[in-house]
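**Q** predicted model follows, preceded by the sequence.
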Amino acid sequence: MTTIAFIGLGNMGNPMAANLVKAGYAVHGFDLIPENLVIAKEHGVVVMANAVAAVKEADVVITMLPAGKHVLSVYEDIAPKAKKGALFIDSSTIDVESARKAHAIAVRHKLLSIDAPVSGGTGGATAGTLTFMAGGSKEAFARAEPILKPMAGRIVHCGDDGAGQAAKICNNMILGISMIGVAEAFVLAEKLGLSHQALFDVASNSSGQCWSLTTYCPVPGPVPTSPANNGYRPGFAAALMLKDLKLSQEAAQSAGAVTPLGAEAAQLYALFNAQGHAAADFSGIINFLRGTPA
């Protein structure tokens, strides 16, 4: 039986690990937060005392951590203790430079690795329908793909080291910009006396159609499963959207790319977060645009 170490059992990591257990893998897990370990144990994860203990017998190591500095710190700790030839999969959303440094650590210790950030939020993590964007060698991806399948609805090999993170950053810049555009359109429609449903019925079948409208509509009613129908509970928190938009702007500056709408979206989400809405769903920015509390 393949043994998987899962480091980082938070809101995303725990349901991902649970799906691996359901698929028949032996999962050894660790997280710094005791409450997360309790939940993991309920899902059938074998809870370990620390990250090093989790990886010692693991054929595959998956990390889901907050930022690049955390990934690099954990990799430096666990890579020397990992089994020879183990596969490292980092599903955190981090900057491209840190992702490439993580690959370099794996290479130094003769380990295969891919960066494989995800899209789909906590709902996708629970349902096993996440989209994985993978960067790394063809050999590493071929080994990783069957491991990812129990957690995935779609798996895309985007290219070499760091390409998965690049794809995630670009995708979420589109998402942040498009949500603001959809929200602005609904605010304008309200001022013009147009109902939410009327705008939705037109735009969802016309050139304004996009995921932020048809799947994640920022007003209650037209899409019953959107966070707008649940008090803007995430979902995908505004703090995480701001994190990704900041990563996009750091990447743009590093690469010499001009992204004025991405920069404006980052500023608007920074203001939304600063007003105390970091824990609200990112679609709640419509209330910020209205000038009303979320």
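**A** Thanks, I have it.
**Q** checking the residue of the chain positioned farthest from its centre next. Helix, strand or coil?
**A** The C-alpha centroid of the chain is most remote from G193, which lies 36.8 Å away (Cα atoms, centre = their mean). Recorded secondary structure, G193: coil (DSSP: H, G, I helix; E, B strand; the rest coil).
**Q** do you know how far it is from G221?
**A** Noted for G193: a distance of 16 Å to G221, by Cβ to Cβ, to the nearest Å. The way it works is simple: take the backbone N, C-alpha and C, and place the C-beta from them, glycine included.
**Q** same deal with T129?
**A** Taking Cβ to Cβ, one finds T129 at 24 Å from G221.
**Q** V45 too?
**A** To G221, V45 is 39 Å away according to Cβ to Cβ.
**Q** which one's more surrounded, these two?
**A** The neighbour comparison of V45 against G221 (other Cβ atoms under 10 Å) goes to V45, with 27 against 13.
**Q** could I get the phi/psi values of the residue nearest to the more buried one when sequence neighbours are not counted?
**A** Leaving out its chain neighbours, the residue that sits closest to V45 by Cβ to Cβ, 6 or more residues apart in numbering is G29, at 4.1 Å. Per-residue torsions, G29: phi -120, psi 160 (degrees, to the nearest 10).
**Q** how about D95, what does it touch?
**A** 68, 165, 247, 250-251 (Cβ atoms under 8 Å, 6 or more residues apart in numbering).
**Q** what is the nearest of those residues to S283?
**A** Nearest to S283 among the contacts of D95 is L247, at 19.8 Å by Cβ to Cβ.
**Q** all strands for this protein, in order.
**A** 3-7, 26-30, 46-47, 60-63, 87-90, 112-115, 118-119, 130-136, 152-159 (DSSP state E).
**Q** neighbouring strands - and their directions - for the fifth one?
**A** So that's strand 87-90. strand 60-63 (parallel), strand 112-115 (parallel) (DSSP bridges).
**Q** dump the strands of the chain to JSON lines, plus mean pLDDT.
**A** JSON lines is the format used below for the strands of the chain (pLDDT from 0 to 100):
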{"stretch": "strand 3-7", "mean pLDDT": "98"}
{"stretch": "strand 26-30", "mean pLDDT": "98"}
{"stretch": "strand 46-47", "mean pLDDT": "98"}
{"stretch": "strand 60-63", "mean pLDDT": "98"}
{"stretch": "strand 87-90", "mean pLDDT": "98"}
{"stretch": "strand 112-115", "mean pLDDT": "98"}
{"stretch": "strand 118-119", "mean pLDDT": "94"}
{"stretch": "strand 130-136", "mean pLDDT": "98"}
{"stretch": "strand 152-159", "mean pLDDT": "98"}
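**Q** what about those, which gets the closest to L175?
**A** strand 118-119 (8.5 Å).
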